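S.K.: pasted the sequence and its predicted model underneath.
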Amino acid sequence: MKKILFTFFIGILISTNSFSQEKLTWHTNIDEALELATKENKNLLLFFTGSDWCGWCKKLQNDVLKTPDFEKWSADFILVELDFPKRTAQDIKIKTQNRKLQRAFNVRGFPTIHFVSAKKLENGKTNLNNLGKTGYVRGGVKNWIKTANNIVN
């Protein structure tokens, strides 16, 4: 009986722990993300993706962005997904915002990730300082994080 209760308790503990893990928040509105970055004094990670058509974007998602290592590493960033879907409907405001940011950061291929620091100016506008960029990095999450650290440090 004690073994059954102990096993039951461990099972509940494990399942509770896995559900209580904090999931990443990916923002889609750059204005909200900038406000949060300024408030929390964090840099932004801008993920330019073609979520419903780009094979390398999906590979980056699975190999890096959806891993516990990335979740832990990205705690110092405000994450922003700037999507360019072909088959999925998208709000016109988000679509326009994403196109403007694509032009501003001269993004020509997907996936592209820009690391950006935001500084609030006296006139109320926000200045974006591009720290560098990367995309898919072979070798999994460890190599991707090493590359990203070289950019942001």
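M.R.: Sure, I can see it.
S.K.: which residues of the chain fall in strands?
M.R.: 26-27, 43-49, 77-83, 112-120, 126-134 (DSSP state E).
S.K.: would you list the ones you listed in a markdown table and tack on mean pLDDT and mean neighbour count?
M.R.: Yep, even glycine has a C-beta here, placed from its N, CA and C like the rest. Conversion of the strands of the chain to a markdown table gives the following (pLDDT from 0 to 100; neighbours: other C-beta atoms under 10 Å):
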| stretch | mean pLDDT | mean neighbour count |
| --- | --- | --- |
| strand 26-27 | 98 | 17 |
| strand 43-49 | 98 | 22 |
| strand 77-83 | 98 | 21 |
| strand 112-120 | 94 | 19 |
| strand 126-134 | 94 | 14 |
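S.K.: how about TSV for these, with distance to residue 58 added?
M.R.: Shown next, in TSV, are the strands of the chain (distance: least, C-beta to C-beta, whole Å):
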stretch	distance to residue 58
strand 26-27	15
strand 43-49	9
strand 77-83	12
strand 112-120	14
strand 126-134	17
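S.K.: check contacts around residue 150.
M.R.: By C-beta atoms under 8 Å, 6 or more residues apart in numbering, the contact set of residue 150 is empty.
S.K.: pLDDT wise, what is it at?
M.R.: Predicted confidence (pLDDT) for residue 150: 97.
S.K.: quick one: the helices in this structure?
M.R.: Taking DSSP state H as the test, the helices found in the chain are 2-20, 30-40, 55-60, 68-73, 92-104, 140-152.
S.K.: for the ones you listed, which one sits closest to residue 116?
M.R.: Nearest of these to residue 116, taken as C-beta to C-beta: helix 30-40 at 8.5 Å.
S.K.: so what does the closest one touch, helix or strand wise?
M.R.: When contacts are defined as 3 or more C-beta pairs under 8 Å, 6 or more residues apart in numbering; DSSP states H and E, helix 30-40 packs onto strand 43-49, strand 77-83, strand 112-120.
S.K.: can you mark which positions in it are buried?
M.R.: 30, 33, 34, 35, 36, 37 (16 or more other C-beta atoms under 10 Å).
S.K.: distance check, the fifth one against residue 94.
M.R.: For residue 36, the distance to residue 94 (C-beta to C-beta, to the nearest Å) stands at 17 Å.
S.K.: quick one, what contacts residue 101?
M.R.: Residues counted as contacts of residue 101 (C-beta under 8 Å, 6+ apart) are 30, 46, 48, 82, 107.
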